[in-house]
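# With the sequence up front, the predicted model follows.
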Amino acid sequence: MSTNSSPIRVLIAKAGLDGHDRGAKVVARALRDAGMEVIYTGLHQTPEMIVRSAIQEDVHCIGLSILSGAHMTLFPEIINLLKQEKSSDITVFGGGIIPKDDIAKLEKLGVKKVFLPGASTTEIVEWIRGNISLPS
């Protein structure tokens, strides 16, 4: 849990051809309203663009919204790119249309949390506050 007075910095991202971003915007606004600094990348970002933005913006975590079915490609690619950039301290979480059978696989690859449709913004805010440690 954060003990530093600096706000948690979160990058909310939409990768690939997925053009539906209403949920990502709702989450971004809820995080902002909860006192976090939020960077929203916009639609049609590549994993490389997301990782570059996360590093440039010095975020503590990346929230990836995926509704396209490409979660087993996009999440691992982002995690691998973070490792290549020596930035694996950036926590990756996400949500969207993700089959429950894939959640354990994603967690094994390094995704810290997957929120399914119906997750409340309160649940997401509380999870971030409880699981993102800020450097001292």
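Done, it's in. Just so it is clear, the model here is predicted, and its values are computed rather than measured. Numbering: from 1, shown residues only.
# need the strands for the protein, in chain order.
For the chain, the strands defined by DSSP state E occupy 9-14, 37-40, 61-66, 91-96, 113-115.
# Can you list the low-confidence ranges for this protein?
Residues of the chain meeting the criterion pLDDT under 70: 1-4, 136.
# please redo it, this time with the cut-off set to 80
1-5, 135-136 (pLDDT under 80).
# Distance to residue 51 and mean neighbour count added to the strands of the chain, as TSV?
Glycine gets a C-beta too; all of them are placed from N, C-alpha and C. What follows is the strands of the chain, written out as TSV (distance: least, CB to CB, whole Å; neighbours: other CB atoms under 10 Å):
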stretch	distance to residue 51	mean neighbour count
strand 9-14	9	26
strand 37-40	13	18
strand 61-66	8	24
strand 91-96	10	22
strand 113-115	19	20
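# any chance of those in a markdown table, with distance to residue 77 too?
A markdown table is the format used below for these (distance: least, CB to CB, whole Å):
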| stretch | distance to residue 77 |
| --- | --- |
| strand 9-14 | 12 |
| strand 37-40 | 19 |
| strand 61-66 | 10 |
| strand 91-96 | 11 |
| strand 113-115 | 16 |
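# what's the closest of the ones you listed to residue 125?
Closest approach to residue 125 among the strands of the chain (CB to CB): strand 9-14, 10.1 Å.
# tilt between the closest one and strand 61-66?
Between the axis of strand 9-14 and that of strand 61-66 there is an angle of 20 degrees, by axes from the mean of the first three to the mean of the last three CA atoms, to 10 degrees.
# Can you list the strands that strand 9-14 pairs with?
Paired strands of strand 9-14, with direction, are strand 37-40 (parallel), strand 61-66 (parallel) (DSSP bridges).
# what about the helices in this protein?
Taking DSSP state H as the criterion, the chain contains helices spanning 22-33, 47-56, 71-84, 100-109, 121-131.
# Name the residues linked to the residue positioned nearest the centre of the chain by a beta bridge.
Taking CA atoms, centre = their mean, the centroid of the chain lies closest to residue 63, which sits 1.2 Å from it. With beta bridges defined as DSSP bridges, residue 63 has these partners: residue 12, residue 93.
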